[in-house]
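Q: no FASTA, just this:
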């Protein structure tokens, strides 16, 4: 296929996802064309041999960058010469024994080396090394291409002092390449990728505004002394083993160090600042984390489904969550220091000792029964405990003041817990009594998660409106609650003061058959909020005053609102009821006092949705202006 004139014979895909030319046959010749503006690949060459691609212009007209101008996969013995590429370049997968020379990208030469050794590259717009050894690549400025420097099955190469910007697959990509060094590079809106590449060193590089370092199925690499900021992930390890990650600085990333199914690595002396996640380990075993500093992150260190890790001598300061273990066992957590954050453990069979929160000891008990805790603690964490008494504590400025996981029949009384993310957290914990405590100025006062048959009585859960975490309010303020229930049933919440919160009492995610009675709920955005199929709860004899919304029902049904005082709220009820059963009353409202004595029924406009789950054809009906009625409103307020 030969064009008349490469400047005027133009194949333009107009941004289509299809390539300008897709070649899968042998002995094809393409010459004398301009090919432009495919969305991903302009020329795609797959599963064929002896192509001749000569004297073409291959480009993107717009600012879209990084798509493959020439993409080669599983091809051999091709000749690519005298082509001019703009805002694009070459990309190789399993393609060997090609003849490629005298091509240019963005006005600079494309350097293609196959089975060569002991060379230095100092002038290029793109570099491709295939089965090379001891190549030095330095002082390049590379941008707007699929990959800046690509190594396939290449060893002992040295990539130094280059600047990379705007590449689709990475500024530097190593595939099946070992014992290489990548040092002192500036990677802007770009990344370094390793795939099945071992014993490489990535050191003293600067990354910002992209994906940092991505490593898959690779072992024994060293990553040290890098500065990584404003990326989605700073360093990502997927299915990797035996890495050393040391002395790196992570800031303003979504995740600083992110590790999935990666084991036996050492993470030491790293600093994580202002990230969503500082260090995140998912399904990673036998790793060592020591002497890392994590400050002002949302999550400092998090582990899930991870066993036999050692976490020691780390400093966590001013994170929302200092350190979280959501699942996994046989982890050793020792000699860590927490300031203005703390430790959260929902997993079993771990070794936790000699940790401090705000210079006070973190009391950790697992599998302990019949014990009284009265010593001055920075945090208290119970796992699989029974009949523990926690009393007379003053705990502040940590992640979870008191945390119970899989613990039953405990008594928590006469404690003052303030200025934490959560004062008291119950997770899979039943039949506990929480009485005469003060939980104030937290993000959440009391949080029940899959916890049933607990008694919450005579507590003060006030001023929990994000307290000391004002910067975290946006998007989360409606979860700032005095008391919150998630998938928790048959609890009794009575005689508590839940005032001056965003939500006084928040019942969500299929929390059923709870009793909420004789509570004071004032000056909240929502005094009581029920959401997400939380049904058959009874709300009675509560003082609901001076709130923006007294009670909000959102996607719930079969709850009862009985004999409460509604006083001086902007809106008393906001009801969005969803019901599956047409024979059962969607909500029961009776005998409430509505700001003044009433002789006639009190009417409310809300929304009602019927879901036809009990008929073969299914379906639903929505009534956006349904009228709800309290037929017997009270003539005077109740004594609460």
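A: Okay, I see it. Predicted model only: the values in this text are computed from it and were never measured.

Q: just for the chain, where's the confidence low?
A: 15, 38-40, 62-66, 466-479, 581-583, 612-619 (pLDDT under 70).

Q: buried ones in stretch 539-558?
A: Residues of stretch 539-558 classed as buried: 539-547, 549-554, 556-558 (neighbour count, 16 or more other Cβ atoms under 10 Å). The C-beta positions use only the backbone N, C-alpha and C, and glycine is treated the same way.

Q: With stretch 180-191 instead?
A: 180-183, 185-191.

Q: cool, and stretch 490-499?
A: For stretch 490-499, by 16+ other Cβ under 10 Å, it's 491, 493-499.

Q: quick check, nearest of those to residue 155?
A: residue 491 (63.1 Å; Cβ to Cβ).

Q: My read is that the closest one contacts residue 517, right?
A: No - Residue 491 sits out of contact with residue 517 when judged by Cβ atoms under 8 Å, with a separation of 11.6 Å.

Q: ok so, going back, now, the buried residues of stretch 539-558 that are in helices?
A: Secondary structure assignment (DSSP state H) places none of these within helices.

Q: what's near enough to touch residue 355?
A: 333-338, 343, 361-362, 364 (Cβ atoms under 8 Å, 6 or more residues apart in numbering).

Q: do the same with residue 145
A: So residue 145 contacts 65-66, 85, 87-89, 105-106, 125-126, 166-168 (Cβ under 8 Å, 6+ apart).

Q: Distance to residue 527 added to these, as CSV?
A: Output for the contacts of residue 145, formatted as CSV (distance: Cβ to Cβ, whole Å):
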residue, distance to residue 527
65, 53
66, 53
85, 65
87, 58
88, 60
89, 61
105, 64
106, 63
125, 64
126, 63
166, 52
167, 54
168, 52
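
Q: and which of these is nearest residue 150?
A: Using Cβ to Cβ, residue 126 comes nearest to residue 150 of the contacts of residue 145, at 8.0 Å.

Q: before we move on, the earlier item: nearest to residue 449 among the buried residues of stretch 180-191?
A: residue 191 (37.0 Å).

Q: Name the nearest residue to the closest one, ignoring sequence neighbours.
A: With sequence-adjacent residues excluded and distances taken as Cβ to Cβ, 6 or more residues apart in numbering, residue 191 is closest to residue 211, at 4.1 Å.

Q: And for the one you found, the neighbour number?
A: A total of 22 residues lie near residue 211 under the criterion other Cβ atoms under 10 Å.

Q: same question, residue 403
A: 26.

Q: wait, doesn't residue 537 sit right on residue 528?
A: No - with contact defined as Cβ under 8 Å, residue 537 does not reach residue 528; the gap is 9.3 Å.

Q: Find residues that contact each of these two.
A: With Cβ under 8 Å, 6+ apart as the test, residue 537 and residue 528 both reach 507, 516.

Q: Neighbour count: those two, which is higher?
A: residue 528 (29 against 25).

Q: and that one, what does it touch?
A: 503-507, 516, 521, 539, 542, 544, 550-552.

Q: List the beta-bridge partners for residue 227.
A: According to DSSP bridges, the partner residues bridging residue 227 are residue 206, residue 249.

Q: I'd like to know how far it sits from residue 253.
A: 11 Å (Cβ to Cβ, to the nearest Å).
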